[in-house]
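In: A structural model of the following input is requested.
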Amino acid sequence: MASRQTTHWLITGVSSGFGRILAQAALARGDSVVGTLRRTSQISEFEALAPGRAHGVQLDVTDAECIDPAVTKSIAALGHIDILVNNAGYGLFGAIEEATAQELQQVMDTNFTGPLRLIQAVLPHMRARKQGHIINFSSLAGMIGMPGVGLYCSAKFALEGMSESLAKELAPFGIEVTLIEPGGFRTNFASSSLAIVANPIAAYDATPAGQTRKHISGYAGHEPGDPVKGMQAILDMLDAPKAPLRLVLGADAVAAIRGKLGQVRAEIDSWESTSVATAFA
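Out: So this is what the prediction gives:
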C-alpha cells in the first residue's frame, strides 16, 4: 500500500483553539505546517511541536501590509502550500446598534477581509501548481442570523458568499474550497476570543440581544463539541475522494441549519404566488 504523501499547510491563528488543535493533528500525521501567530514570542513554542516541520510566522491578519510577506515566508519554509486554512477570528457580541465603526471594522477585518487578502496572496501559487485547497472557518453564525451576534454573523455571511463564489471560480484550476461551519465547541471562543461592545445601550438589556451580550461568557466550558474530534473530522474530509463545499460540525449545528433551511423553504412556498407574479405580462 502506498504511503500517504506529506501535505503542506498554512494555518492562521495557531496559538490556541481550533488552529492549534488542527496544526497538532496535521503534524502528528507527518505533515508540515506553517502556523501564524500574532506575537513573535509565540513562534519558538509552536516550532518546538515538531522541529523542522512546524514553522511559525508572525501575522496579524488585519494588517494588509503583512499578508504578502507572510505568504512569501510560508512558501520559502514549505516549498509549496497545499492547504490554506483561514482559522483566525473572533466574535463581537452586542446589538447591531450598539457597535462602533471601529468595532465593526475590526470584526470584518479579522473574519472576512483578512482571509480574503490571504486567499488573494496564495492563489497565484496554487494556480501555478493547478492544485490546492482553501479551508475557511465560518460558523453556525454564517448560516443563521442571531440576536446579539449580528456583526459577527455579518462577517461570516460575507465569508460564506465569497467562498461559494470562489469555489466556482477556482474549479477550472483544480483548486477546492471548503467552509467549516462549527456549532458550539469547547475552545477559547466564548472567553478570550470574543469581545463585548464597549457602549451597550440599556434599552437592549432585557431583549434577546442584550441577554446574549450579558451571558455569552458563561457559555465557556459548557459547549457540547469536542474540538479534537472536530479537527479530526476535517482530516477525514481531506482523505475523502471529494471534499464538500460546506462541512457542518456538531449535532447542534446540523439541527439548527436544517431548521433554518426548512424555514426558508416554507417562506418561499408561502409567498411563491406573490414572488412569481412579477414578470412582464
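
In: use CA for all of it now, contacts and neighbours both
Out: Will do.

In: So for stretch 216-223, first residue to last residue, what's the gap.
Out: End-to-end distance for stretch 216-223: 11 Å, by C-alpha to C-alpha, to the nearest Å.

In: pLDDT below threshold where in the stretch 51-200 of the chain?
Out: Applying pLDDT under 70 to the stretch 51-200 of the chain flags residues 188-193.

In: go again using 90 as the cut-off
Out: Filtered on pLDDT under 90, the stretch 51-200 of the chain yields the residue ranges 88-91, 183-195.

In: That one: strands as residue ranges?
Out: For the stretch 51-200 of the chain, the strands defined by DSSP state E, counting those that start in this stretch cover 54-58, 83-86, 91-93, 132-137, 175-182, 194-196.

In: Name the residues of the helix or strand just after the last one that are buried.
Out: Translated: strand 194-196. Past strand 194-196, further along toward the C-terminus, the next helix or strand under DSSP states H and E is helix 208-215. Neighbour-count burial for helix 208-215 flags Ala209, Gly210, Gln211, Thr212, Arg213, Lys214 (criterion: 16 or more other C-alpha atoms under 10 Å).

In: Quick check: phi and psi on Thr36?
Out: For Thr36, the backbone dihedrals (degrees, to the nearest 10) come out as phi -90, psi 140.

In: Tally up the residues packed near Ala256, please.
Out: 15 (other C-alpha atoms under 10 Å).

In: ok but it is inside a helix, no?
Out: Yes. Under DSSP: H, G, I helix; E, B strand; the rest coil, Ala256 falls within a helix.

In: which residues touch Phe157?
Out: Ala141, Gly142, Met143 (C-alpha atoms under 8 Å, 6 or more residues apart in numbering).

In: Quick check: the first one touching Tyr152?
Out: Right, the one you point to is Ala141. Yes. Checked against C-alpha atoms under 8 Å, the pair Ala141 and Tyr152 is within contact range at 7.3 Å.

In: who has more neighbours, those two?
Out: Tyr152 (28 against 22).

In: do you know how far the more buried one is from Ala206?
Out: For Tyr152 relative to Ala206 (C-alpha to C-alpha), the value is 21 Å.

In: what do you get for Leu27?
Out: Distance, Leu27 to Ala206, by C-alpha to C-alpha: 47 Å.

In: So the two - more neighbours on which side?
Out: Leu27 (20 against 11).

In: Could you list every helix and strand that the strand or helix carrying that one packs against?
Out: Using DSSP H and E, Leu27 sits within helix 17-28. On a contact count with 3 or more C-alpha pairs under 8 Å, 6 or more residues apart in numbering; DSSP states H and E, helix 17-28 meets strand 32-37, helix 227-238.

In: Check which helices and strands the last one is in contact with.
Out: Under the contact definition 3+ C-alpha pairs under 8 Å, 6+ apart, helix 227-238 sits against helix 17-28.

In: any idea how far the helix it packs on is from the chain center?
Out: Average the C-alpha atoms of helix 17-28, do the same for its chain, and the two points are 14 Å apart (C-alpha atoms, centre = their mean, to the nearest Å).

In: Check Arg4 and give its pLDDT.
Out: Predicted confidence (pLDDT) for Arg4: 65.

In: Over to the one 3 residues further on?
Out: Looking at Thr7, its pLDDT reads 96.

In: show me what contacts it?
Out: So Thr7 contacts Asp31, Ser32, Asp82, Ile83 (C-alpha under 8 Å, 6+ apart).

In: Thank you, goodbye.
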